[in-house]
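> Sequence and predicted structure, then a few things I'm wondering about:
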Amino acid sequence: MRVLLASSHGADPAYGGAERYVRDLALGLEARGHDVAVLSAFPQGEDVAGIETIVLHDADWRESNLRRLRNHAGDVISAPWPRFRKLLDAAGPELVHTSNLPGIGSGLWEVARRRRIPVVHTLHDYHLLCARTSLTRRDGSPCHPHAALCGLRTRRLTRWAAGVEQVVAGSNHLLDRHGGLFPASRQRVIRLPLAPPDGERPPPPGRALGSVGYLGVLTASKGVELLLDAAAELAQTGVELRIAGDGPLREQVEVAGVTYAGRVDGRAKAEFLASCDVGVVPSLWEEPSGPPYVVNEWLAAGRPVLVTRRGGLAEAAGADGVHAFDPSSAGLLEALRDMGAEPGWSQALAKVPAAASDADVRRWLDEHELVYEAAVTAGAAGSTLM
């Protein structure tokens, strides 16, 4: 099958989870004999492993204020531009699979519908509901969509939703938050896969819990301030707090008396995961996926992980190796005390899944192929009625 994967930052894994999803899906589908191209709104910042890539714009919104403004305007307009018609005619896909749409726009759904090309859409965040994609304010506090302003934007973005045959999300939470936006679409949860780590799995943690690690963006909504509040008391109990990542709170992290590894990728990320005994995902915002990639990265490294019950994380809590805690510094400290005391520590390590094969990756690809087949079949049936 010829598939066009469309997402704002394409298959550039340096940008975020949606881009890793597109990259892994493109490579996995090609390995199964499919013909895949990626449509990216912006130039790719990293090597995308030889994946055929079509780029819409010359500038990245992070480097161009004009491009940023055009993205927001494009969200509201979301027109079925003639450029999309030419693009689809040239690329020749049998199916279009969209992900994040800033810089592209949902008008692509309508152009595909007019071309009788079935569309699958994956929800990764709250872009259709919130211009900041997170349902949070700049300080990380919850933000509820304004019925008039945000509602108008959402209606404009989703007016072409009838062209989407299938909607995919990484959690039931995310589907529920978008309830009613895709009334004619079939919906399905496909959870992110627990993949074996690159290279050898690191050795298991020590016989006592001595360090807890955070890996991710340094923002208030991710719970970084919660970690910093707990850092001094953690140190008093002999538990080291290790943090890796980058973001607006970097300066606070650098002066907080914690072990800061900076931004890590590749081998440096593997070494960071191995240097921690337990991972923590202290999100205060509603994490879309259940679980997100970072939870699976900790598990694949053989580390138990502590999570808050925010958004899709609530669906991951209680799974093997995943432990919930109250979203506060006191809640984190209590959870670590309970886990670190025997027999809690031995039991926590014993419950971490092995992640020794790519069986879950195969499951993930199988589920996408089933969605594609259903979309193509539904599209063919609909075309005979026109």
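Now that the structure is in, tell me what you want to look at. Numbers count the residues shown, from 1 in each chain.

> tell me the contacts of Ser185?
Contact partners of Ser185, counting by Cβ atoms under 8 Å, 6 or more residues apart in numbering, are 121, 161, 164-167. Any C-beta I mention is one placed from the backbone N, CA and C, and that applies to glycine too.

> let's see it at 6 Å
Residues near Ser185 by Cβ atoms under 6 Å, 6 or more residues apart in numbering: 164, 167.

> what's the single longest helix in this protein?
Across the chain, the helix with the greatest residue count (assigned by DSSP state H) is helix 359-383.

> Pull out the buried positions in that helix.
360-361, 364-365, 367-368, 371-372, 374-376, 379 (16 or more other Cβ atoms under 10 Å).

> who touches that helix?
28, 95, 116, 118, 120, 165-166, 190, 193-195.

> which pair in those residues spans the largest distance?
Spatially, the most separated pair among the contacts of helix 359-383 is Arg116 and Leu194, at 37.1 Å (Cβ to Cβ).

> okay, those two: which has more neighbours?
Ranked by neighbour count (other Cβ atoms under 10 Å), Arg116 and Leu194 place Leu194 first, with 23 against 11.

> which residues sit in contact with that one?
By Cβ under 6 Å, 6+ apart, Leu194 lies in contact with 296, 299, 355, 360.

> low-confidence ranges in the stretch 1-150 of the chain?
Applying pLDDT under 70 to the stretch 1-150 of the chain picks out residues 46-47, 49.

> could you pull out the helices for the stretch 251-386 of the chain?
266-275, 293-300, 313-316, 329-340, 344-350, 359-383 (DSSP state H, counting those that start in this stretch).

> Now Thr122: closest residue in space, sequence neighbours ignored.
Excluding the flanking residues, the one nearest Thr122 by Cβ to Cβ, 6 or more residues apart in numbering is Val168, at 4.4 Å.

> Can you classify that neighbour as helix, strand or coil?
Recorded secondary structure, Val168: strand (DSSP: H, G, I helix; E, B strand; the rest coil).

> Could you give the bridge partners of it?
Thr122, Arg188 (DSSP bridges).

> Pull up the per-residue confidence for it.
Here, the pLDDT recorded for Val168 equals 98.

> tally of neighbours for it?
Neighbours of Val168 (other Cβ under 10 Å): 22.

> my guess is it meets Ile190, correct?
Yes: the pair Val168 / Ile190 is scored as a contact, 5.3 Å apart, by Cβ atoms under 6 Å.

> Give me the nearest residue to Arg32, chain neighbours excluded.
Leu365 (6.7 Å).

> which residues of the stretch 1-150 of the chain fall in helices?
17-31, 65-77, 82-91, 107-114, 149-157.
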